[in-house]
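**Q** need a 3D model of the following:
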Amino acid sequence: MHYDQGNPAELREKFWKELAHSPFVMLQLDADPESAAPMTAQLDRDANHAIWFFTSRDNRFAAQGGATATYAAKGHDLFARFTGALTEETDRGLLDKHWSRMVESWFQGGKNDPNLLFLRMDLGEAAIWSGEVGVMGAVKMALGLPVGDSIKGGYAETSL
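**A** Now for the predicted structure:
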């Protein structure tokens, strides 16, 4: 696959749209590579500078600090790696805003569970790849034929 320099603004927009559709990332602390785990990102339309995660105080992510997340869109036509810093979010209004029955199922004490930790990831730099396989590319791959540079994609390093 050949990646041309993509338009960073367009790739950022596509990234946010895809992440909203499927908000699952593989997150790890930079200081602890063995901490890598799947997490559900909580998004806020009014805050493209951060995403949030619910976790527990006895989880490795409680150490906070520099972190890296990797993402694959549901349709596998967009991939991203982005960095940031994890810190405890103390704004109760944001916790209330992102609370859901899905989150509640993980915390027996609800929003007041003493083990609940609400983290904010202030976003930094990202690398975003986007590629379109297309009908011909899909047919070639299904038949085991070489696709080479017939599948095009865009790539950008950008801040989120």
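
**Q** pretty sure residue 107 contacts residue 116?
**A** Yes - between residue 107 and residue 116 there is a contact at 5.1 Å, judged by CB atoms under 8 Å. Just so you know, the C-beta spots here come from the backbone N, C-alpha and C atoms, and that holds for glycine as well.

**Q** which residues do these two both contact?
**A** Shared contacts of residue 107 and residue 116, defined by CB atoms under 8 Å, 6 or more residues apart in numbering, comprise 54, 56.

**Q** are we agreed that residue 47 is in a strand?
**A** No - applying DSSP: H, G, I helix; E, B strand; the rest coil, one finds residue 47 to be coil, outside a strand.

**Q** read off the pLDDT value for it.
**A** As summarised for this prediction, residue 47 has a pLDDT of 75.

**Q** what's around it, how many residues?
**A** If you count neighbours by other CB atoms under 10 Å, residue 47 ends up with 13.

**Q** what about it, distance to residue 116?
**A** Residue 47 is 21 Å from residue 116, where distance means CB to CB, to the nearest Å.

**Q** longest strand of this structure?
**A** strand 116-132 (DSSP state E).

**Q** other SSEs contacting it?
**A** If you count contacts as 3 or more CB pairs under 8 Å, 6 or more residues apart in numbering; DSSP states H and E, strand 116-132 packs onto helix 8-21, strand 50-56, strand 78-88, helix 92-98, strand 152-159.

**Q** and that strand, what's buried?
**A** 116, 117, 118, 119, 120, 121, 123, 126, 128, 129, 130, 131 (16 or more other CB atoms under 10 Å).

**Q** low pLDDT regions in the chain?
**A** 1-5, 48, 132-138, 141, 147-153 (pLDDT under 70).
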